[in-house]
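J.: I'll drop the sequence and a predicted model, then ask my questions.
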Amino acid sequence: MYGHVGKILIADLSDKTYVIRDLDPEWARDFLGGPSLGARYLYELMPAKTPAFAPESVLGFVSGPVNGTKSLMGGRYTVVSKSPVTGGFNDANSGGNFGPYMKKSGFDAIFVKGISDEPVYLFVDDGKIEFRDATALWGKTTIDAENALKKEIGDDDICAAMIAPAGEHLSNMAAIMNDSHRSASRGGSGAVMGSKKLKAVVCRGTHTVPVRDPEEVVKVTRAWKAYAEGPTSRQDRKAWSTHGTSCIYERCYMLSDVGIKNWGGAPEDLDFETQIAPMSGQEMDKKYKVKKYACSTCQIGCGASYHVKSDKYDYETVRPEYEALGTFGSLLLNGDVESVLYCNHLCNEYGYDNISLGNTIAWLMECYENGLFTIDELDGIDLRWGNPDAIVEMTKRICEYKGIGVPLNGASAYASKYFDRGSEYLGVANGIEIAHHCARNNPAMARTFQFDPTPGRHVKGGRGARIGFSPPEIKYDFENTGPEDKAGTIKAEYDNLSGFCHFCFFLEPSAKYQYMNAVTGYDFTEEDFNNIGLRSFAIRSAFNLREGMRRKDYSISDRNIGIPPMDKGPLKGVTIPTKKLADSFYEAMGWDVETGVPTKEFLESVGGLEVVIKDLYPQEK
């Protein structure tokens, strides 16, 4: 079986036992890896309507077929579980090196169930499995825990996926961290891990991934490198490689694509020269950049190590991504660079999803500004718009699990219910905070944010983030969007399940498909690749359908789609017709438009979904 090492691990933390199974060859071909293969295994391993923190709840770490091969930009893996936030399927994607290291340890996927009586970590060592005591690691932040693991094992050549204090406190914003700063962040995957008392999964090994046609892999790589130096790719690739995703912060601010003032503001609410431009990657790199780094097999290298040294701070960290700049910057009307850097650093060290944490502070800030909370209720923190010291202090409260920070660990939707106030200021999709490609600037994201099986994400395809950079006559054309929405969903599903980074758009367009066939030998046709994407979306959706969720259960905050519309700025007068967009999408997919349920004909046409047909259409032969 090419592209896979051929084994999966199922560990039970309750009794410290495990089973090693052969990877199902039909599932490997039909679902390949990542969220798609993960959803298929969860569908089997986890009973319907299992609570996220129950012993029967399953947490999975799933590689992609191109992980551990020499395919460029093929270093991403996926964590799958039930989300404690949305109550539905959750997949959280991360870069770095963990996916390839999991394969080196001898497994394509690792699934964990049960609950340990004491903190534990799972050591997967070249096919050998150990449950090790993690009591001494419990409470440690990301880098301290990683260093302690390397010291205890006596080897720096390991890779760990771990939780930090956020996961230990079962925060709805808890991420799973790897490579110190890379994270599978969204949807509370770290809380599921923490509920099992599992501090880390540590991988080491010498296994190699069999590749069907190594010479073809080299050929595709050479062709991509030539393409990358051409006019189509070179300029954008250079900016991305030099300054990372932070290079788009200024442009997205001017469009109101990034969130401003808890999604209720406009570009004129901040001074561009003094509060926005200094936070671009171009300007931050001049002051703080030490060196760049890259994920496994990546030729872009969008990451950078920073050293922040000033009157207030002296620490080593990493350059914030675009999302972090938005969430701790413009969303809070904060133009102070060093506070943004420090809040992002705290999120990495304590293991938080910075998108949800910053959005939660924005929600609380607007509530406070409008008199819904007193300063005493906020532990004396004067959480006014743009107050950098207050923003840092509130971030600390959350990370250190103190005072007001304890209920805020549930994130904004939970906190609104807990305090019974402020629901009108939420910016969420199905309970999870929305990422920074504003749906009013980018209507394509409105459908994805609301109706993807794992909502609120900006990496779930559809018509995509690029629509937000189009002229108004294109992005606000709401007629017949379904076919393009479907096509974009297929492409994004493929990227996520294969192990490729979404920035593989810098590859020659056919390269990621040529790599897959060279690695696996499946010789997929264009129709096969389309069905792989459709099958992936369907199996992720099937998990939610089995939980009882239907189209009517998917929601998005009014303010995020322009109800009421803005009265100033680039988004003045804009309201997004999400019902129309969803109708068009489901119609193009061939699903029931009213319920959002795939038809039996659709499921049969893409193949590999017999178990879903049995559940959804039990009376039909």
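T.: Now that the structure is in, tell me what you want to look at.
J.: where in this structure is pLDDT low?
T.: Scanning the chain for pLDDT under 70 picks out 231-235, 621.
J.: after the longest helix anywhere in it, which helix or strand is next?
T.: Longest helix in the chain, counting residues (DSSP state H): helix 526-546. Downstream of helix 526-546, the next assigned helix or strand under DSSP states H and E is helix 578-589.
J.: can you name the next helix or strand after that next one?
T.: Next along from helix 578-589, by DSSP H and E: helix 600-606.
J.: packing partners for that following helix?
T.: helix 526-546, helix 610-616 (3 or more CB pairs under 8 Å, 6 or more residues apart in numbering; DSSP states H and E). (Glycine included, C-beta is placed from N, CA and C.)
J.: closest one to Thr327 among those helices?
T.: For the helices and strands packed on helix 600-606, distance to Thr327 was read as CB to CB. The smallest value, 25.3 Å, belongs to helix 526-546.
J.: tilt between the closest one and helix 578-589?
T.: With axes from the mean of the first three to the mean of the last three CA atoms, to 10 degrees defining the directions, helix 526-546 sits at 130 degrees from helix 578-589.
J.: so which bits of helix 526-546 are buried?
T.: Across helix 526-546, burial judged by 16 or more other CB atoms under 10 Å covers 529-546.
J.: the strands in the stretch 51-200 of the chain, which residues?
T.: Counting by DSSP state E, counting those that start in this stretch, one finds strands in the stretch 51-200 of the chain at the ranges 59-62, 77-82, 89-94, 109-113, 120-125, 128-133, 159-162, 176-178, 182-184, 198-204.
J.: please enumerate the strands of the stretch 201-350 of the chain.
T.: According to DSSP E, counting those that start in this stretch, the strands that the stretch 201-350 of the chain contains are 289-293, 303-309, 314-318.
J.: could you identify which of the ones you listed is most buried?
T.: Among those, ranked by average contacts under mean count of other CB atoms under 10 Å, first place goes to strand 303-309 (a mean of 18).
J.: for Val85, see how far away the nearest residue to Met162 once chain neighbours are set aside is.
T.: The shortest distance from Met162 to any non-neighbouring residue, by CB to CB, 6 or more residues apart in numbering, is to Ala200 (3.7 Å). To Val85, Ala200 is 22 Å away according to CB to CB, to the nearest Å.
J.: hmm, back to that, okay, the longest helix of the chain in CSV with CA atoms only?
T.: Taking C-alpha atoms only, helix 526-546 is exported to CSV below (Å, rounded to 0.1, in the frame of the first residue of the first chain):
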residue,chain,number,x,y,z
GLU,A,526,-10.1,14.0,-12.6
GLU,A,527,-13.5,12.4,-11.9
ASP,A,528,-11.8,10.3,-9.1
PHE,A,529,-10.4,13.4,-7.5
ASN,A,530,-13.8,15.2,-7.7
ASN,A,531,-15.4,12.2,-5.9
ILE,A,532,-12.7,12.1,-3.3
GLY,A,533,-13.5,15.7,-2.4
LEU,A,534,-17.2,15.2,-2.4
ARG,A,535,-16.9,12.0,-0.4
SER,A,536,-14.8,13.8,2.2
PHE,A,537,-17.4,16.6,2.6
ALA,A,538,-20.1,13.9,2.9
ILE,A,539,-18.5,11.8,5.5
ARG,A,540,-17.7,14.9,7.7
SER,A,541,-21.3,16.0,7.3
ALA,A,542,-22.6,12.4,8.0
PHE,A,543,-21.1,12.6,11.5
ASN,A,544,-23.3,15.7,12.2
LEU,A,545,-26.3,14.2,10.6
ARG,A,546,-26.0,11.1,12.8
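J.: and it, what does it pack against?
T.: Counting contacts by 3+ CB pairs under 8 Å, 6+ apart, helix 526-546 packs against helix 25-31, helix 34-45, strand 89-94, helix 482-498, helix 600-606, helix 610-616.
J.: now do that helix and helix 34-45, the angle between them.
T.: 50 degrees.
J.: and the angle for helix 526-546 with strand 89-94?
T.: 130 degrees.
J.: now helix 526-546 against strand 77-82, angle please.
T.: If you take the same axes, to 10 degrees, helix 526-546 sits at 30 degrees to strand 77-82.
J.: chain center to helix 526-546, what's the gap?
T.: Taking CA atoms, centre = their mean, to the nearest Å, the mean C-alpha location of helix 526-546 is offset from the chain mean by 18 Å.
J.: and for stretch 46-53?
T.: Using CA atoms, centre = their mean, the offset of stretch 46-53 from its chain centre is 21 Å.
J.: what comes into contact with that stretch?
T.: Residues outside stretch 46-53 that contact it (CB atoms under 8 Å, 6 or more residues apart in numbering): 56-58, 81-84, 87, 113, 170, 188, 191-192, 195, 546-548.
J.: return the set of buried residues in it.
T.: Quick answer for stretch 46-53 (16+ other CB under 10 Å): 46, 50, 52-53.
J.: nearest to Gly499 among these?
T.: The closest of the buried residues of stretch 46-53, once distances to Gly499 are taken by CB to CB, is Met46, at 23.0 Å.
J.: against Ala54, how distant is that closest one?
T.: With CB to CB as the criterion, Met46 and Ala54 are 9 Å apart.
J.: just Met1 next, same as before
T.: 33 Å.
J.: and for Trp385?
T.: 41 Å.
J.: do the same with Pro564
T.: For Pro564 relative to Ala54 (CB to CB), the value is 41 Å.
J.: how about Ala174?
T.: Ala174 is 17 Å from Ala54, by CB to CB.
J.: restricting to C-alpha, output stretch 83-96 in CSV.
T.: Coordinates of each C-alpha in stretch 83-96 appear next as CSV, following Å, rounded to 0.1, in the frame of the first residue of the first chain:
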residue,chain,number,x,y,z
SER,A,83,-16.3,19.4,19.3
PRO,A,84,-17.3,20.5,22.8
VAL,A,85,-18.1,23.8,21.2
THR,A,86,-20.5,22.9,18.4
GLY,A,87,-21.5,19.4,19.4
GLY,A,88,-20.6,18.2,15.9
PHE,A,89,-17.7,16.9,14.0
ASN,A,90,-14.4,18.7,14.5
ASP,A,91,-11.2,18.7,12.5
ALA,A,92,-8.3,20.9,13.3
ASN,A,93,-5.3,21.1,10.9
SER,A,94,-1.7,21.8,11.8
GLY,A,95,1.7,22.1,10.1
GLY,A,96,5.2,21.5,11.3
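J.: now do the same contact list for Val211.
T.: 2-3, 69-70, 217, 518-519.
J.: now neighbour count too, for those residues, in CSV please.
T.: What follows is the contacts of Val211, written out as CSV (neighbours: other CB atoms under 10 Å):
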residue, neighbour count
Tyr2, 17
Gly3, 33
Thr69, 27
Lys70, 17
Val217, 20
Ala518, 26
Val519, 31
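J.: need the residues you listed in a markdown table with distance to Ile10, can you?
T.: Shown next, in a markdown table, are the contacts of Val211 (distance: CB to CB, whole Å):
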| residue | distance to Ile10 |
| --- | --- |
| Tyr2 | 23 |
| Gly3 | 21 |
| Thr69 | 25 |
| Lys70 | 29 |
| Val217 | 31 |
| Ala518 | 30 |
| Val519 | 25 |
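J.: which ones among these map onto helices?
T.: The helices, defined by DSSP H, take in 217, 518-519 from those.
J.: can you verify my assumption that Lys199 contacts Glu146?
T.: No: the pair Lys199 / Glu146 is not scored as a contact, 11.0 Å apart, by CB atoms under 8 Å.
J.: let's have the helices and strands packed on helix 600-606 in TSV, adding distance to Tyr352.
T.: Shown next, in TSV, are the helices and strands packed on helix 600-606 (distance: least, CB to CB, whole Å):
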stretch	distance to Tyr352
helix 526-546	24
helix 610-616	34
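J.: phi, psi for Trp263 please.
T.: phi 70, psi 10 (degrees, to the nearest 10).
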